[in-house]
Structure formats: structure tokens, C-alpha cells
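Student: Would you be able to build a 3D model of this:
(chains A and B)
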Amino acid sequence: MLVPLVVALPLLGAAVLGAAGHFLPSRVDDLVAAAIAAAVTVLCVVLIFHSAHGTITYWFGGWHPRNGIAIGISFSVEPLGAGIAALIGALMTAALVQSIDYFEEEVPPHFFVLMLVFLASMIGFALSSDLFNMFVFFELMSTAAFGLTGYRIEHRSVLQGAINFAVVNGIGAFLLLAGIALLYGRTGALNLAQIGQVLSRHGADGLVIVAFGLIVVGLLTKAGAVPFHFWLSDAYAVAPAPVCVLFAGVMSDLGLHAVGRVYWVAFSGVLGNGHADAVRGVLIGVGLLTALVGALMAFVQAGLKRMLAFIVISHVGIFLTAIGLLTARGLAGATVYVVADGLVKGALFCAVGHLARRVGHTDELIAHGRGRSLPLTGTVVALGALGLAILPPFGTFVAYSLVERGAGGLGYHWLPPLLAIATAVTGASVLRAAARIFLGLGPAEDDLLVAAPRGEEADEGMRAAPRRGFLLWGPAVALLVAGLGLGFAPGIAAHAVQHAERFVDRPAVARETLHGAPPAPLPHVHEQIGAAGYAYGAGSAILAVALAWIGLYRRRIPEAFRRAAGATAGPAVQRLKLLHDGVVGEYVTWLTAGAAAITGLLALLTR
Amino acid sequence: MSFLPYALAAWLFFVGLYGIVTSRHLVHLVVCLGVMQSSTYVLLLAIGYRTGKKAPIFTSGVPTKVGAVDPVVQALTLTDVVVSVVASALILALVIEIWKRSGKLDPDELGKQET
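Tutor: Here you go, the predicted structure:
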């Protein structure tokens, strides 16, 4: 069986490297880790095709369910989850290949041990179909991530970022666990499908709503949705660039993927009839707020890593909105979007790593014009920015158009333009930075932008790398080609919708998991991108270029117009900037308020 | 079944949360995190508890007729304890590093980013 291998192989590799890594040069350790990650990627791609015929459920230790009651723990592999697992493997491979040349010092073996444990726990989290198992992988993934964030332990901002990350995520995990405990108390089950079966026999009462609220809040803390996002920009800004490839590319999105899974497999039976509008309203509300706040904050950053961190937040909001549509097409769109966007964001962070290594700075004002000698990296960043801004016909655009049609199907015609604004602003931020760094356009000072704190710049202040740079830029090119090229994969949208349709059919999934029934036949789906989709895609890309130009040359805009814009938006942006000040107590206060608001709203709306 | 354990779990949760929000010392903050985590142990154990039932240890000679409290939540609690030890140890290691580098342990002072 292939299924347990994708988790066991990296864990085994981690153990071997932990024991023997000290006796080998760090390059050999790195190559071994990269080879394992590549093998896991191949296995995950194989699993996508294998599971297309029906969900592969693997019961650990052969503890199969009897009479529809699951005591054992299982992995459920279906094409959407396996696709995310393949993304994790691909990003990890790219990150490990880049880290061969990225670090100037001898890297201790525990770095690769942590990376492999991180890989195993993320894949385990993506494939688990048991709530407590998900919690364990969630914690394992978080712990490995805290360690990786604090890798450059000699800088204070790094320690600060790692502690904020650990404390806020720790509290998120407690909320998740409290939700799981309440649910277990009600249903006596931990397997998602079985929880769904038990819950659907009863109505939605207060306990079920609170449990759902706590689980969603716990997962959204990991994902970095507003107002649980404060830790994210602190942590992603200070982690080494290869680690950020993983953080930005997939770790945040895993939390959202889990929200989709928990809702559809466990809760859709009890909340789907009658209460769907309440859940939809809350998820879309949080998603839109996240998308717009993240985009705005990204646009006012000068430090590229912090900017990309806010872009991650903004796009988490878009994916959450897509999942929150609570339709198969929304889920399919979110999944394709996570994969395509994850590859693009991974490519951007790889490019930032190359820039940091060659120029020594990643702040667009300090590095102004100093990237001229790196035309290829500049091209990767610019194309990646257009990918973020959903330029047709790239992979991100195909995913967006699925979300657009999903929203249209519900009659939410106001939703796609709002999402397109978020994609345009995030794309514009990166385009503006690319124009400054790689072309030297625009002035080298801008008082509107938040400069990266000194510690973070020191973090990247390395000496210029040796001339050989292939391992530094190669992974960026590969990830970008994959992310943009996903749009050309024939029928990808239709396949995703077909499998999402199967995934959201809760009773059929439960029968398949618990009773071994054959899978439901794949519905016939025809997906055609409409004129509206192309209009939004092109509009977002054009708006991104225009906003980037304004960002560079706003002094050329007539004085009166500028003053009016400053008077309306200035105070709000200033206040928003002040909120992100790095004090962990305030972050926890926001988390508490957000958790209370989401759970309270759900309770109120489902009354 | 008494509501007392649930009230205790809620109390531990909120008292820990209050401690974290108002903390002026990073070690104090880690201890508060531990207090919060204890609330999940109490909650899990309370959910599995059955009045008058035995510990879920079945060896030869132990009558099974009496029944036992739910062993699943106990396994979950054990796992939870292990997880929290790892996380606390890691955060404390980071705190020690902060102390070594800056000589400060007040999160408010640390938080304000220098410019």
C-alpha cells in the first residue's frame, strides 16, 4: 500500500538523518532529504490518479470498521486531498534543493530533520480522516514550524516572531481540541464520517454549534484569517526563505482545506439543511474581510517577505470565501486555487531567497535598482505577480473562474469583483516591488510604506553568493512554470468539480468509508469559462499594473486628487498598521474577540 | 454527572487566557499557556467519566461486568500532555535565548519594534 508510505518515508528519513547526519557533510544531508521529498511527491501524484476511481481508505493496523462503527484510525485519500499532498511534496523538494546553496554556513542536521518531520506532518494532516489524528498532526506541524521559524536564533526579531507564532497557534490548538472533545462527548466518535452519521440523526443544538465554531476558529488561526492573522506576518518575515516557501505555499492553506473537510464530511448533514446560510454568511464574511485587509496591508509593505506574508493572508481570505460558498464548485475552485497559487507563492519566495542571497536585502526601497543583474529572477517575480493577479490563462485564473461561477450559481454577483480587487492589489504590490528592485524605476523613498524592521534585514544580510546560482533560481522557475502551467492542463476544472461533487455527497462518502460501499459514479460535468470570467481576470491584471504604476509614481498624480485620497484612506491605513505591532498579548486579545464573534454569530444565526 | 468539572475547565481556560493577555514576563506567559492547556485535560477526562465505573485496565482477574470509564479520552489526554511538553520546552528554549540576547523578558518591551 502506498498510502502510509507518504508519511512513513519522511519520518524514517528524519530518524536516519537525526542519527547519522552529524557524520556526513550538510550537502549530503540536504540531498538525502531532497531525494525523500521528491519520492514523496511522486507517490502523491500516483495517489491522485489511483484515487480517481474511488476514495482509498487505509485503516492503520487493519482496524476496519465493523457494522458502520470505526474504532481504528484511517487516512482517506481522494484526488483533492492527494493534490494538496502533492503540492506539499513539490514545495518541499524545491525548498530543499534551494537550501543547498542558500545557507552560507554549514547547516546542522536538525534543520533537515525538522523539514522532513514538517513534510510528514503536513501530508498526514491533509490525508487524515480522524479528528484527533488531525489534531496530533496539526500540533506536530506547528511544533516543527516553530523550530524552523526560530532557525536564525541569533536575531531578536526572529525569536519574537517564533514566540508569537507558538503562543497564538498554541491557543488555536486548544480551541480546536476543546471543539473535538465536545464533539466526541456528543457523538462518541472521532472518525469524521462516523461523526457525520451520528450528527445527522439529530438536530443542530447549542453544543454542536459551539463545537463547530471552536474547530473552525482553531483551524482559521493556523490559516491566518483576520483577526487571527497577526502572528503570521511576524513569523513569515523572519523564517529563512526556503522555509517560507512551505509556510506561504501550503501551511496556511492546509487549515482551510481542513475547514472544508470537517464541514462536508462531519457537519453538512446537521448544518446543511436550514443552517447553510448562517455558516455561509460567517465564512464568506470572514473570508472577504481577510482578503481585503491582507491586500491593503501587503500594498503598504516595503519588505518583500512581510509583503508576501500579507499576500498569503489575503489569498487565504479568497480561498475561505470560495470554500464558504458551500458548493461543490466553490470547493473545487478553492482546491485548484490553493495548488496553483501555492506554486506561484512558493516561486516568489524562492526568488526572494535568491535576491536575499545575491543582493543581501529584500526591502524594495533599500534594494532599489540593485536587482538589475538578476533579469531572470526579476522575470520570475513579475510573472508571479501577474499570476497572483489572475491573468488569463494561467492556473490561478482557471481556479478563480471556478469560484466566480460558483458565486454566480448562488446569485452572489457582487462577490467576484470584490475578490478580483483583492487579487489586483496583491499583484500590484509585488509588481511595484519588482519594478523598483529589478528595474530601478520610481523614487527610492516612500513615506507611505512600512520599512522592514532592522533585525529582519540583518537576517538576510548575507555576503553575495558565489557565481553558481542555478540551485538558487532553478526551483523558482520550476515552481512558477508548474503554477502558471496548471491552467493549460486539459479539463482540470471539470475534473476538480467532478471529484468535489463526489466529495460533498456526505451520505455516499460515509457509506463508502464505513461500510465499504462502492463510490458514487462521477457526475458528468462540463466547465466553460464565460466572458465574465475573462473580464474579471483581465480587469484584475490591468488594475494590478495601474496600481503598481500609481505606487511608483504617485507624485505625478495631481495634488488635489492625492490629498483627497490621503484624507479618506490615510487614518484608517495608519490605524491598521499600528495594530500589527508585535505584542503577543494584543494578538491573543484579538484571537479571543474573533473566536467569541464567530461562535456567537453562528449561534445567533442558527437559532 | 456533575457540572463541576466543566466549570473547572472553563475557569482554567479563562484564567490562563487572562494571564497570557496581561502577562509582563515571558516565563509567566508560558506557565499561563500550561494552565490553559490543563483546561483541555479536565474537559477530556470529564467527558469520558462515568460515575461508579472503574479505571479502564483489564487484566486477568478483574471483573469486566462493572464497566469502565472511557479509555479513548484518557489516551487523548496523554497525547495532549506529550504535545504540550514539547511545545512548552520549545518556547522556553526561545525565551532563554531572548534573555541571553537582550536581557529583557517583558513581552510589551520586546514587542515594540525598533525603528
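
Student: can you map out the helices along the stretch 201-350 of chain A?
Tutor: A:206-223, A:230-238, A:241-246, A:252-261, A:268-271, A:276-299, A:304-324, A:328-359 (DSSP state H, counting those that start in this stretch).

Student: element containing the residue lying closest to B:Phe13 once chain neighbours are set aside, please.
Tutor: Nearest non-adjacent residue to B:Phe13, counting by C-beta to C-beta, 6 or more residues apart in numbering or on different chains: B:Ser39, 3.9 Å away. Quick note: C-beta positions are derived from backbone N, CA and C, even for glycine. Following DSSP states H and E, one finds B:Ser39 within helix B:26-48.

Student: name the helices or strands packed onto the next helix or strand after that helix?
Tutor: Under the assignment DSSP H and E, the closest C-terminal helix or strand after helix B:26-48 is helix B:71-102. In terms of contacts (3 or more C-beta pairs under 8 Å, 6 or more residues apart in numbering or on different chains; DSSP states H and E), helix B:71-102 is packed against helix A:131-149, helix A:156-187, helix B:26-48.

Student: mean confidence for stretch A:150-164?
Tutor: On average, the pLDDT along stretch A:150-164 is 83.

Student: what about residue 110, how many residues close to it?
Tutor: Just so you know, I chose chain A. Residues lying near A:His110 (other C-beta atoms under 10 Å in any protein chain shown) number 17.

Student: think we crossed wires, I meant chain B
Tutor: Neighbour tally, B:Leu110, other C-beta under 10 Å: 21.

Student: Quick one: residues contacting it.
Tutor: A:Arg156, A:Gln160, A:Gly582, B:Leu26, B:Ile98, B:Ser102, B:Lys104 (C-beta atoms under 8 Å, 6 or more residues apart in numbering or on different chains).

Student: thought the residue nearest to B:Phe13 was touching A:Phe174?
Tutor: Yes - when contacts are counted by C-beta atoms under 8 Å, B:Ser39 is listed as touching A:Phe174 (7.4 Å).

Student: Any chance you could list residues touching both of these two?
Tutor: Residues touching both B:Ser39 and A:Phe174 (C-beta under 8 Å, 6+ apart) are B:Phe13.

Student: neighbour-wise, which of the two wins?
Tutor: A:Phe174 (25 against 22).

Student: Let me know whether that one touches B:Leu12 as I believe.
Tutor: No - A:Phe174 lies out of contact with B:Leu12 (C-beta under 8 Å); the separation is 10.4 Å.

Student: Common neighbours of the two, please.
Tutor: Each of B:Met36, B:Ser39 lies in contact with both A:Phe174 and B:Leu12 under the rule C-beta under 8 Å, 6+ apart.

Student: closest one to chain B among the helices of the stretch 201-350 of chain A?
Tutor: Between chain B and the helices of the stretch 201-350 of chain A, the tightest spacing by C-beta to the nearest C-beta is seen for helix A:230-238, at 9.3 Å.

Student: is any part of the closest one close to chain B?
Tutor: No - using C-beta under 8 Å from any C-beta of the partner chain, helix A:230-238 stays clear of chain B, with a minimum separation of 9.3 Å.

Student: So which residues make contact with that helix?
Tutor: So helix A:230-238 is in contact with A:145, A:149, A:152, A:155, A:157-158, A:160-162, A:164-165, A:167-169, A:224, A:244, A:247-248, A:252, A:297, A:303, A:305-306, A:308-310, A:312-313, A:452, A:455-456, A:459, A:579-580, A:582, A:586-587, A:590, going by C-beta under 8 Å, 6+ apart.

Student: Next one: A:Ala464, what pLDDT does it get?
Tutor: Confidence score, pLDDT, at A:Ala464: 57.

Student: Over to the one 10 residues further on?
Tutor: pLDDT recorded at A:Gly474 is 86.

Student: So it is in contact with A:Val97, correct?
Tutor: Yes - counting by C-beta under 8 Å, A:Gly474 does reach A:Val97; the two are 7.0 Å apart.

Student: So for the two, which sits in the more crowded spot?
Tutor: A:Val97 (24 against 16).

Student: May I ask which helix or strand encompasses that one?
Tutor: helix A:79-102.

Student: Report whether the helix or strand following that helix contacts chain B.
Tutor: Next along the chain after helix A:79-102, taking DSSP H and E as the criterion, comes helix A:109-127. No - counting by C-beta under 8 Å from any C-beta, chain B has no neighbours in helix A:109-127; the shortest distance is 10.9 Å.

Student: Show me what helix A:109-127 is packed against.
Tutor: If you count contacts as 3+ C-beta pairs under 8 Å, 6+ apart, helix A:109-127 packs onto helix A:5-20, helix A:26-50, strand A:74-77, helix A:79-102, helix A:131-149, helix A:241-246, helix A:252-261.
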